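Asker: here's a sequence, model it:
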Amino acid sequence: MIDLKVNGEEYEADIHASDLLLHVLREKLGLTGAKPGCLNGDCGACTVIMNGKPMKSCLVLAIEAVGTDILTIEGLIHSPIQKAFIEHFAFQCGYCTPGFIMNCQALLSQHPDPDLETIKQWLSSNICRCTSYQEIEKAVTSVLKQGGNE
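Answerer: Numbers count the residues shown, from 1 in each chain. Model (predicted):
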């Protein structure tokens, strides 16, 4: 049994030592926003924020997350970046969207005024097979222009 703090709430989960955080979030806690994709850290569909940093939950053992603050897409209700994704149609099929939103949220938290190169570098850690990259970039820059990245 482990205790996890996710989206400000305490959870208890019965796990195996080899369980990935992604699977515990989805299967034990019912938080299905982080998506399984490549399961090797390439696509970013499973991105969550741990202690303020974007992490690919398919690369994190659940036991490693004990004592951390985990934020999933379910914990980002009505955030400016979510609204910007909608306003700029920064998604197509939507499968990668939660991971991109979490990555962008971390970017805006760590770099309140990133230049275009920094934005592109951060976006390169996630993959969108539908090619919504320009719209995602516009969503991020629109939040910066509004001055509200929290």
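Asker: next one: His111 from Glu135, what distance?
Answerer: From His111 over to Glu135 the distance is 20 Å, taken as C-beta to C-beta, to the nearest Å. (C-beta placed from N, C-alpha, C; glycine too.)
Asker: the two: which is more packed in?
Answerer: Glu135 (18 against 14; other C-beta atoms under 10 Å).
Asker: list the contacts of the more buried one.
Answerer: The contact partners of Glu135, by C-beta atoms under 8 Å, 6 or more residues apart in numbering, come to 88-91.
Asker: swap the cut-off to 7 Å and go again
Answerer: Counting by C-beta atoms under 7 Å, 6 or more residues apart in numbering, Glu135 touches 88-90.
Asker: repeat that for Met50.
Answerer: Counting by C-beta under 7 Å, 6+ apart, the residues that Met50 touches are 65, 68, 70.
Asker: give me phi/psi at the second one?
Answerer: The main-chain torsion angles of Thr68 are listed as degrees, to the nearest 10 and equal phi -110, psi 160.
Asker: since we're on it, how many residues are nearby?
Answerer: 19.
Asker: next one: it, what pLDDT does it get?
Answerer: Listed pLDDT for Thr68 reads 98.
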